[in-house]
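[1] A structural model of the following input is requested.
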Amino acid sequence: MTAIGWLQAAIFLLLVIVLMKPLGLYMARVFGGERIFLSPVLRPLERVIYALGGVDEEEEMPWYVYAFSVLGFSAVGLAFLYVLLRTQQWLPLNPQHFANFAPDLAWNTAVSFLTNTNWQFYSGESAMSYLSQMAGLAWHNFVSAAAGIAIAVAVVRGVVRTSSKLLGNFWVDLTRATLYILLPISIVGALILVAQGVPQNFSAYHDVKTVEGTMQTITGGPMASQEVIKELGTNGGGFVNANSAAPNENPTPFTNFFEMLLIFLIPAALVYMYGKMARDTRQGWAIFAAMAILFVAGFSLAYWAEAAGNPLVHQLGVAGGNMEGKECRFGTAASALFATVTTDTSCGAVNSMHDSFTPLGGLVPLVNMQLGEIVFGGVGSGLYGMIAFVVLTVFIAGLMVGRTPEFLGKKIERREVQCAILAILVTPVLCLIPTAVAVLIPQGIATINNNGPHGFSEILYAFTSTNANNGSAFAGLGPNLFYNIATGVNMMFGRFAVVVPVLALAGSLAGKKAVAESAGTFTTYSPIFVVLLLGTILIVGALTFVPADALGPIVEHLLMLQGKTF
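    Reported below is the predicted structural model:
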């Protein structure tokens, strides 16, 4: 470990803190329907969209109508992308003449990008036409992220409103998230990436002769425009198979830092927006503190493990950290930081191969996802997932002091606790059960490349990543019909089996009256609350996951330290 490595992480977190407030304030104004500096340009376009869609922007929805709108919009998006992938061979903007996707792979990919997961069982540069990349994947990168933001805003409205059954209008929230937040930042970000050397063209691939005298194919295409929304929307799907480890997608240390900043930008800003909409920014800062503590702890462990290196390699006379699967232009510190950032959120983009991390280094991304993607989390999903944990924490605190728990002046009763627990249990149930099935059937073990604990971790990581809507992988696991279908189903439930309960939770809270704060009210912004929130998150994670995944990597790491391997 070096001082420069720690300095990178410190500067990164500092910039996130500096930027989250102005963006959070801006987002609060956008979703509050206030006039902003982009209104003269975008407001006319917004009105046209409502007119074409038959949307009354003044009409708000109860939680079940909001949820039905999310599900209906997602169903149409799924069908659109599936058809596009099944017919790309006969459509334009396919200079490499790529074939249509097989039915099971088209299903898996369509569900993946619909749910903001971007799990990829294909190589983009050898399978996906430019039209599929732009009109299919990049479009879903925008709308799946916008849908997540809209859901988070609806949940916040439910938390802060009183005596109301309405959570806003999904179509309005979706439109504003796209027009006023994702699109402007993406335009500026894409120009920055192009200036750094990321391609943005419609040219066919180029075959060039390298200095060694061999031939190499250089991938082109509309890459910068997809790269920026891939990170900003915490989507993560790479234009090429190597994702952000590829020089075309992530050419310099500056772009590496910039892309990490894009990943954390909106999730952090949403937390401040929550405090602003609650009219008490301390509420937002308390949640941010819990997220930041988990982030720092995860990065510290991952960096230590990767910087310590592999004793098996040291025995060969090669000193230093674990550089297997990492880019030399980034090194161990930036690779560990990127791995932590991308799995703290539901992004899943990678600048190194997580499968090549040391056992403890690889455990960090796994645990980050298994906590429910609430350490900043995806755009929207991190905030509403954390609010479910806040409700559970308030309930536990109420039991501890022997009084009815309250959250922002509203009593937390059976219905709210049930909704929160349903949302929280989705992750362990839909990670562990499919993993158990996979290791018991021939199709589940047919495409793993490693034996022992690491092979098991590859399977567990796949179902964890897809259920958490993350999309990163221990890439030793190969695709087949079973995994295409099973991970697709897992991604679907990982998104919508959480969305529906949290919207129901928001609807229940919105209908409650606020009670006056008293001397016995448990504050939800104090340091004690932050500690209780962290304890609740870690205890739930420990009870559900530690027997399944922590022991394997720990045993594997101890064996590695003894110079042994499987």
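[2] Flag the helix or strand of the protein with the lowest per-element mean pLDDT.
    Counting by mean pLDDT, DSSP states H and E, the weakest-scoring helix or strand in the chain turns out to be helix 551-561, with a mean of 62.
[3] Let me know the helix or strand that Tyr274 is in.
    For Tyr274, the host element (DSSP states H and E) is helix 253-277.
[4] hmm, I was thinking of Gly33
    Using DSSP H and E, Gly33 falls outside every helix and strand.
[5] phi, psi of it?
    Phi and psi for Gly33, reported as degrees, to the nearest 10, are phi 80, psi 20.
[6] returning to that earlier point: which strands or helices does the following helix or strand past the helix holding Tyr274 pack on?
    For helix 253-277, the following helix or strand on the C-terminal side (DSSP H and E) is helix 281-308. Secondary-structure packing of helix 281-308 (3 or more C-beta pairs under 8 Å, 6 or more residues apart in numbering; DSSP states H and E): helix 3-31, helix 253-277, helix 331-344, helix 359-370, helix 381-401, helix 527-545. All C-beta atoms are positioned from the backbone trio N, CA, C, and that covers glycine.
[7] Tell me the helix or strand right after helix 281-308.
    Following helix 281-308 toward the C-terminus (DSSP H and E): helix 311-314.
[8] what distance separates that following helix from the centre of its chain?
    The chain centre lies 34 Å from the centre of helix 311-314; the measure is C-alpha atoms, centre = their mean, to the nearest Å.
[9] Then stretch 332-343?
    14 Å.
[10] Would you mind listing the buried residues in it?
    Residues of stretch 332-343 classed as buried: Thr332, Ala333, Ala334, Ser335, Ala336, Leu337, Phe338, Ala339, Thr340, Val341, Thr342, Thr343 (neighbour count, 16 or more other C-beta atoms under 10 Å).
[11] For the third one, give me its contacts.
    If I follow you right, that is Ala334. By C-beta atoms under 8 Å, 6 or more residues apart in numbering, the contact set of Ala334 is Gly5, Gln8, Pro253, Asn256, Phe257, Asn351.
[12] Looking at neighbours, which among the residues you listed is most surrounded?
    Asn351 (26 neighbours; other C-beta atoms under 10 Å).
[13] so it touches Asn256, yeah?
    Yes. Using C-beta atoms under 8 Å, Asn351 is in contact with Asn256, at 6.0 Å.
[14] how about stretch 253-264 as CSV, C-alpha atoms only?
    Written as CSV, here are the backbone C-alpha positions of stretch 253-264 (Å, rounded to 0.1, in the frame of the first residue of the first chain):
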residue,chain,number,x,y,z
PRO,A,253,-5.8,7.4,-15.4
PHE,A,254,-7.9,10.6,-15.7
THR,A,255,-10.8,8.8,-17.5
ASN,A,256,-10.6,6.0,-14.9
PHE,A,257,-11.0,8.6,-12.0
PHE,A,258,-13.7,10.5,-14.0
GLU,A,259,-15.7,7.3,-14.6
MET,A,260,-15.6,6.3,-11.0
LEU,A,261,-16.8,9.8,-10.1
LEU,A,262,-19.7,9.4,-12.6
ILE,A,263,-20.7,6.1,-10.9
PHE,A,264,-21.0,7.7,-7.4
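[15] contact partners of it?
    With C-beta under 8 Å, 6+ apart as the criterion, stretch 253-264 contacts 8, 12, 15-16, 19, 185, 189, 192-193, 196, 198, 227-228, 231-232, 234, 244, 250, 329-330, 334, 337-338, 341-342, 344-345, 347, 349, 351, 376.
[16] That's all I had, so thanks and see you.
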